[in-house]
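Engineer: just the structure for this:
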Amino acid sequence: MPDLTFPLEASVLGTLWLETKARVQDLALPGIETGRVVIQQVPWLLEQQKVPCIIVSHDTTTSDPDKGTNERDDVVYRYIISFIFANDRDVTDSGAGIMAHWFETVRRAMQNKTPNTWPIDLPSGTVLRSRVPGTHSLLMVEAKKLGLNAMFMAVEFDVREPRE
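Structural biologist: Residues are numbered from 1 along each chain as shown. Below is the predicted model:
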């Protein structure tokens with residue numbers, strides 16, 4: 001079997017994963033150890049994760065063929081930030097406060113960022129803007145099927161990438 005490892009930094013997608021993970025880690029959220037903020041392609045496969053944890057995963061990538069220029073492509077990278085809690089976590093009024101705190105803190109850290117407010121090492125000429133369009137209800141249904149207490153946040157990065 002060939003070695004299929006490749007550094008995440010070699011792509012815009014991978015760089016955004018790493019930067020999102022680092023940004024969430026830098027928030028030092030109460031009850032979340034730095035090592036429990038991870039990149040994982042499928043957020044509900046938790047065999048390797050200790051809860052509580054926060055998982056950064058890719059959702060979709062789109063490119064409108066009517067946008068962009070001859071020199072640049074306009075691409076939207078959509079991520080999911082998953083807040084996963086222990087199955088027995090109290091999610092009534094008394095226990096939901098920490099979940100709301102994590103969610104709001106991360107939302108504020110991710111909303112409306114530009115290269116001036118969040119410098120990310122992307123290829124020269126790349127333009128970046130982030131937004132938080134809302135939650136991801138489909139994943140919430142999947143989490144409940146698995147007996148997980150979780151919240152999911154969608155984050156989108158609008159990237160204008162130079163063509164090579």
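
Engineer: what sits against residue 143?
Structural biologist: Residue 143 makes contacts with 44, 84, 149-150, 152, as judged by Cβ atoms under 8 Å, 6 or more residues apart in numbering. Using the backbone N, CA and C atoms, a C-beta is placed for each residue, glycine as well.

Engineer: check residue 84 too.
Structural biologist: Contacts here follow Cβ under 8 Å, 6+ apart; on that basis residue 84 touches 43, 46, 49, 51-55, 143, 148-150.

Engineer: let's see it at 6 Å
Structural biologist: Residues counted as contacts of residue 84 (Cβ atoms under 6 Å, 6 or more residues apart in numbering) are 51, 53, 150.

Engineer: quick check: mean pLDDT across whichever strand or helix holds the last one?
Structural biologist: Taking DSSP states H and E as the definition, one finds residue 150 inside strand 149-162. Taken as a whole, strand 149-162 has a mean pLDDT of 80.

Engineer: in terms of secondary structure, what does it contact?
Structural biologist: The contact analysis (3 or more Cβ pairs under 6 Å, 6 or more residues apart in numbering; DSSP states H and E) places strand 149-162 against strand 72-85, helix 97-110, strand 127-135.

Engineer: for the protein, give me the ranges with low pLDDT.
Structural biologist: Where the chain drops to pLDDT under 70, the residues are 1, 42-48, 68-70, 86-95, 123-125, 134-139, 146, 164.

Engineer: and the strand holding residue 150 with strand 72-85, angle?
Structural biologist: With axes from the mean of the first three to the mean of the last three Cα atoms, to 10 degrees as the basis, strand 149-162 and strand 72-85 are set at 160 degrees to each other.
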